[in-house]
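Trainee: I would like to see how this sequence folds:
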Amino acid sequence: MKTTTPHLSKSRFQTGRQCHKRMWLELHRRDLVAWSDAAQARFDEGTHFGELARELLGGGLLIDAEHFLPQQAQTQTSAALSKTANEIPMLFEPAFEHEGVRIRADALQRLPQGERLIEVKSATSVKDEYLWDCAIQTWVMRGAGRPVTEIRLGHIDNGFVLTREGDYAGLLKQADITAEVENLLPTVTAIVDELKAVAAGPEPSIATGPHCFHPYDCPFQDYCRAKEPPAPDYPIEDLPYAGKLIDELHEAGYADLRDIPPARLYNQRHHRIAQAARSGEAYIAPQLREELAAISYPRHYLDFETISFAVPRWLGTRPFQQIPFQFSCHVEQADGQLEHRAFLDLSGASPIAAFADALLTACGNDGPILVWNQGFEASRIRDLATFLPDRADALLALNERMIDLLPIYRAHYYHRDMHGSWSIKAVLPTIAPELDYGELDIGDGDSAQVAWRRAVSPETGDAERETLRRNLLAYCERDTLAMVRLAKV
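Mentor: Reported below is the predicted structural model:
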């Protein structure tokens, strides 16, 4: 029986450039796709910005055929293009096909000197993968007879600040990338031919590696890893900041950290990590206990949870600005007495002012503030101070009291089960396994953001919102309770 090679698209062209196996699986095994809730939230943010971009581009005719109806979309596009440019100067989502490759362009602007392709991305700059995205679209559109003479990338201006409700003028910034795309076009035909052969052939045999994450996370990683031999318990990838060294070790035939001769390692941290892997014993420098014991009381253990939007939601905020909506603060006295203070806003309105006021109350005026990765919390507090100038001095004073536990542990502690990471979720199980995040319904920051989005949605019922509230409070409290425990090692 005759088989038909599946059509390529701009997204399949891009995934094929990243990994032939990923593209093949997207064509033939869509049932294996495994996107996380956090990834879906990012897709939704991009969709929201794309819809807003149509308004910011001045409006036009939307080709509204569903993406799984390519022929209908092409028919609608042809009908629109049969009218003059004066009648229809701008098309959104027009559909074109050339040599078995189908694309839907974000925007096509019809000008007297030719046509302008505008690709919209919910990012703040031009990236290499966006140039390739525009290259395949230009190749298809010119092949279909369209006089594309200019290519632009519409992206988010990260200097934009929302100053009036609903007024997003200035959020969309356009970059002329015509020259860069023209330089790529001569190679597109060969890539298309190669990907067509992959699509028509058997599943490629490609091992997992760095390409699984660049330029995008692949949704087939679980499937691919399940078909591979199990990795060593302590792979050489546990060595942090060692990209070139890891390549050299692989070339030399090493895969297990425990097998690496000490002479092949060049810095003290890598030696500690390898030694801990071989011995199974944690590295604990005497300075760890000394530095922790020297921290005075009352101690305030502090952790934030934040949310960000490609399209700013609240007045005074910027694209992708991390807005804190929750904190947990454990206050410990010298006698061991422990008090928990917390804040969580699920109203959907701006939490900024209420968060700041509650934070100042929780932290008081005395005692160190202990955090894990000071750069994050300190940056959020600086943002709050800029946003609330009447509270700026009090907020910035909190930063002066901060002590970062992360560099203390990074310098003085390592257990092989941390696998080269000093995140609090990597360190905690090696010291206090009873404080397992796995028992919580929310176990990481991405999940907390997904839960917050769900909780503030008008579609969420009261009972579900209350469950989400309890889960968020439990998760953030666990982060600061973990610091209490780690400060006592």
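Trainee: what residues of stretch 433-448 count as buried?
Mentor: By neighbour count on 16 or more other CB atoms under 10 Å, the buried set for stretch 433-448 is 435, 437, 442-443, 445, 447-448. Just so you know, the C-beta spots here come from the backbone N, C-alpha and C atoms, and that holds for glycine as well.
Trainee: take those and keep only those in helices.
Mentor: Residues from these lying in helices, with DSSP state H as the criterion: 445, 447-448.
Trainee: if we can go back for a sec, least confident pick among the buried residues of stretch 433-448?
Mentor: Across the buried residues of stretch 433-448, the bottom pLDDT score, 90, is held by Tyr437.
Trainee: kindly export stretch 368-381 (C-alpha atoms) in CSV.
Mentor: Extracted in CSV, the C-alpha atoms of stretch 368-381 (Å, rounded to 0.1, in the frame of the first residue of the first chain):
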residue,chain,number,x,y,z
PRO,A,368,19.2,38.5,60.7
ILE,A,369,17.0,37.4,57.7
LEU,A,370,18.2,34.1,56.4
VAL,A,371,17.5,33.2,52.8
TRP,A,372,18.6,30.6,50.3
ASN,A,373,20.0,32.4,47.2
GLN,A,374,20.0,36.0,48.4
GLY,A,375,20.0,37.4,44.9
PHE,A,376,16.4,36.4,44.3
GLU,A,377,14.7,37.8,47.5
ALA,A,378,17.0,40.9,47.6
SER,A,379,16.1,41.7,44.0
ARG,A,380,12.4,41.4,44.7
ILE,A,381,12.7,43.7,47.7
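Trainee: quick one: distance of that stretch to the chain centre.
Mentor: When distances are taken as CA atoms, centre = their mean, to the nearest Å, stretch 368-381 is centred 21 Å away from the chain's centroid.
Trainee: over to stretch 350-358?
Mentor: Counting by CA atoms, centre = their mean, stretch 350-358 comes out at 25 Å from the chain centroid.
Trainee: in it, what's buried?
Mentor: Going by 16+ other CB under 10 Å, stretch 350-358 has these buried residues: 350-352, 355-356, 358.
Trainee: contacts for it, please.
Mentor: 313-317, 323-327, 343, 345, 384, 387-388, 391, 395 (CB atoms under 8 Å, 6 or more residues apart in numbering).
Trainee: pLDDT weak spots in the protein?
Mentor: Across the chain, the ranges flagged by pLDDT under 70 are 1-5.
Trainee: hmm, try it at 80
Mentor: Of all residues in the chain, those with pLDDT under 80 make up the ranges 1-6, 489.
Trainee: which parts of the top helix by length along it are buried?
Mentor: When the chain is parsed with DSSP H, its longest helix is helix 462-486. Neighbour-count burial for helix 462-486 flags 468-469, 471-473, 475-484, 486 (criterion: 16+ other CB under 10 Å).
Trainee: narrow the contacts of stretch 350-358 to those in strands?
Mentor: Cross-referencing the contacts of stretch 350-358 against strands under DSSP state E gives 323-327, 343.
Trainee: contact partners for Ala105?
Mentor: Counting by CB under 8 Å, 6+ apart, the residues that Ala105 touches are 91, 93-94, 96, 117-119, 137, 141.
Trainee: out of those, which one sits closest to Ala455?
Mentor: Glu93 (32.3 Å; CB to CB).
Trainee: can you tell me how far that closest one is from Pro458?
Mentor: From Glu93 across to Pro458, the span is 27 Å (CB to CB, to the nearest Å).
Trainee: any chance of the buried residues of stretch 433-448 in a markdown table, plus distance to Thr187?
Mentor: What follows is those, written out as a markdown table (distance: CB to CB, whole Å):
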| residue | distance to Thr187 |
| --- | --- |
| Leu435 | 53 |
| Tyr437 | 46 |
| Ile442 | 45 |
| Gly443 | 44 |
| Gly445 | 39 |
| Ser447 | 41 |
| Ala448 | 43 |
